[in-house]
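Q: Just the structure for this:
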Amino acid sequence: MLRGHVSTWCLIGLVTLSNPASAAVPEIIPYQGVLTDARGAVVPDGTQSLTFRLYETATGGSAVWQETQSVATARGIFVASLGSVSSLSNLPFDRAYWLATVIGGRELTPRTALGASPYALGVRGGGSGGIGGVSGGDGLTGGGSSGIPSLAVGEGEGIVVTPDAVALDTGFTDARYVNVGEAGAITEAMIAPAAVGTVQLQPNVISSLNGVSNDGGNISLVAGPNVSITADDVSNAITISAVGGSGGSGDITGIYAGGGLFGGTTAGDAAIEVGGGEGIVVTDDALHFDTAWGDARYVSELESSSIARGMILSGAVGTTEIEDQSIGEADLATGAVTSVIVADGSLTPNDFAVRPVFSLNGVEPFEGQINLVPSGGISIVADNASHAVLLSASSGTGDVSGLDAGLGLTGGGAEGDLYLNVGAGEGILVTQDDIQVDVVWGDARYLPRGENASIGGNMIAPSTLDYTHLATPILTGLNGVTNDGSDIELFAGANIQITNDDALNRITVAAPNMGDITSVGIGSGLSGGGTTGDVSIGVATGGITGAHVANGSLTGADLPNELTIGGGSAGNGLIMMLDGAGVARVQAGLMSVPHVYLRDAANNDVCGLWIDTEGHGNIFAEIKNFVVRSPSDPTKEIWYASVEGPEAAAYLRGTAQLVNGEVNVAFPQHFIDVATLSGMTVQVTPLSADSKGLAVVEKRLDGFRLRELSGGAGSYAVDWEVKAIRRGHETFEPVRPARTAGR
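A: Numbering: from 1, shown residues only. Reported below is the predicted structural model:
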């Protein structure tokens, strides 16, 4: 069942000009769309009856044109020529129109606004030059329909317009953004916390405190006579006070008057008084505002008749400031109320007497009405709904023969209504009557002046900051040696070797030679030794006992080829532990494939370890665990099983801090040494509800880089986890042939 749904594909308008050269152009609007049912499926191929209507409003109102056509559909697609049944010639196309489609008596919503092309139907004038008028587009003002039209560029905030160029106002940008190399432009509040490190500081920062050099530790403040020094670690403050105060032994030698005071002396009773300045009254025990002075200078609240007309800003008094019916003719002087006194838009018809009288271009009305009379070539159309009167030149006489777009402009042409628009370049916003700097673009490209925490460490050139740029003095030294302004040198004494490693930023101090050996003595189980020549030490017969053998230090080479354990015998290079039935429950192979296996009663290997042909150590078991004693209940243990997968992998996780929508995460060297980049996966979780989402934009063996989606510039923490195949185990096979015992 057709439920009447149209999806418009395109809307193309063709125009008809009244001059002979274009008389053959048909006045139609090709219209194409697709018909679907209520479920969104296209209608079957066939013929459909569609009614098309044009309105002057997006909703409501009456149609100003309509026609009905039978259109053929193929896979739901139909094509119609609007105006082929009912002519469009009666529509001026000098205003907005909306197209509606009717199917089965039901008008579909919403209506579709006609675009720019159909408006060319409004150009039906017969002027000698062909151009009916020139209008200012976005960013332009001016225009005209005859003579030489003039268009001007609207000069918006941050823009300077000259006869042949539109440029940024450098005075505006200098006041808003920090220029490259501008001295003293970066304040402390603009530098992000912890953004300045040793990379940004010039080498050899030298600092002192009132001429006292740092000795490698503290600089002590010593309290002299009548002085106390109190340190406050909480507020990072040191208070220096003069003890004694009112209990001091010194006499006052003089009293002097400070700002706002006069009087004083050096002997006797000294009197100081407050000077009573303009607007101030001084009494014995108080200072007062001189109300008489204030009344003469300022308007007191609710003071009658104190506001004169000249004190009111033009447009400042509107209907909301005037009490209804509070102003009568007696309150207004003749001619006292002019247009500059009345705020724009503040008067409504209710504020006027019956039949208000106006004038139009100097023409006085008769009985409150001015008649507009169309003359030759002029049509006048009144629109009561929009309170508008449209004056059109049905046969223009313009003599403009062409309009070309100059620098910074687009558009133009040789006929019809012409528009020139200002091209909105990078960093520029073009509105209806001005051009402005795109401050969003500027904020993304430049550093707004005074923006707090906007300077990151990577924005400061290395070695450009020295101690003169720092608010707090930095005291430097090495083990009590004060820096003299250059390097601090390390001198190697007797038997000392000093080696520097620039790559690791490390200095190694070693003692390679500690004197000659004078004798070698032997301990328990050893023989040999001596005091001169090449000294040999050997194992004495019977010198090694079980106490001397480290656990796990013996290999197959240390054992005879055959060894019987648990009542059975083993083959060459094997150690086997047998149960009472002669079944090998433990087998350790020390031949070409070293291995250890543990077996069940059915002689099946249930767990073991071995070294494969590639030299990799392997462990297998039905489940691998770690176990710890429960800290809350010592009588119990906690068992955790390992997470398994079809590859030999390693993982790493952590938390990173996103700054301005981006962060680079570096892996530690131990992970780089064991991981491979192939097959590496990264998972991230933003720790902020304001996050726009995250993307891994770069993945490397030594780390990865995150960026917030949609150009976001958030600063918040992010949890991350990385999994990678272990180096050397890229060919790990999860499915293998079934094993037999001991293999």
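Q: so how far is Lys624 from the residue lying closest to Val134 once chain neighbours are set aside?
A: Spatial nearest neighbour of Val134, excluding adjacent residues (CB to CB, 6 or more residues apart in numbering): Pro149 at 4.0 Å. Glycine gets a C-beta too; all of them are placed from N, C-alpha and C. Counting by CB to CB, to the nearest Å, the separation of Pro149 from Lys624 is 86 Å.
Q: ok so, going back, what about the residue nearest to Val134, how many residues close to it?
A: Residues lying near Pro149 (other CB atoms under 10 Å) number 19.
Q: Can you name the residues that contact it?
A: Neighbouring residues of Pro149 by CB atoms under 8 Å, 6 or more residues apart in numbering: 134, 142-143, 400, 403.
Q: that's a helix at it, yeah?
A: No. Counting by DSSP: H, G, I helix; E, B strand; the rest coil, one finds Pro149 to be coil, located in no helix.
Q: one step back: quick one: which of the contacts of Pro149 is most hemmed in?
A: Neighbour-wise, these (other CB under 10 Å) top out at Val134, 25 neighbours.
Q: what's near enough to touch it?
A: 143-145, 149, 151, 400, 403, 417-420.
Q: taking those one by one, which sit in helices?
A: Using DSSP state H, no member of the contacts of Val134 falls in helices.
Q: Tabulate those residues (a markdown table), appending distance to Arg726 and pLDDT.
A: Listed next are those as a markdown table, based on distance: CB to CB, whole Å; pLDDT from 0 to 100:
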| residue | distance to Arg726 | pLDDT |
| --- | --- | --- |
| Gly143 | 74 | 78 |
| Gly144 | 79 | 75 |
| Ser145 | 80 | 71 |
| Pro149 | 76 | 78 |
| Leu151 | 71 | 80 |
| Val400 | 78 | 62 |
| Leu403 | 72 | 77 |
| Asp417 | 73 | 75 |
| Leu418 | 71 | 77 |
| Tyr419 | 67 | 78 |
| Leu420 | 67 | 80 |
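Q: so which pair among those is furthest apart in space?
A: Ser145 and Leu420 (14.8 Å; CB to CB).
Q: Who has more neighbours out of the two?
A: Leu420 (26 against 19).
Q: Now do the contacts for the more buried one.
A: Applying CB under 8 Å, 6+ apart, we find Leu420 in contact with 134, 136-137, 140, 151, 403, 405, 409-412.
Q: ok, so what distance separates the residue lying closest to it once chain neighbours are set aside from Gly115?
A: Nearest residue to Leu420 in three dimensions, chain neighbours excluded: Gly411, at 4.5 Å (CB to CB, 6+ apart). Using CB to CB, we find Gly411 at a distance of 16 Å from Gly115.
Q: Compare the two (neighbour count), which wins?
A: Counted by other CB under 10 Å, Gly411 and Gly115 do not tie: Gly411 has more neighbours, with 16 against 11.
Q: quick one on the thing from earlier: so the residue nearest to Leu420 sits against Leu418, correct?
A: Yes. Between Gly411 and Leu418 there is a contact under CB atoms under 8 Å: 6.9 Å.
Q: count of residues packed around Arg176?
A: 19.
Q: One more: Ala666?
A: 13.
Q: repeat for the one 10 residues further on
A: Residues lying near Thr676 (other CB under 10 Å) number 16.
Q: quick one: low-confidence ranges for the stretch 601-743 of the chain?
A: For the stretch 601-743 of the chain, the stretches flagged by pLDDT under 70 are 739-743.
Q: Okay, helices next: where are they in it?
A: Taking DSSP state H, counting those that start in this stretch as the test, the helices found in the stretch 601-743 of the chain are 669-674.
Q: Check the model's average confidence along stretch 84-97 for me.
A: Here stretch 84-97 scores 88 as its mean pLDDT.
Q: ends of it, how far apart?
A: From its first residue to its last, stretch 84-97 covers 18 Å (CA to CA, to the nearest Å).
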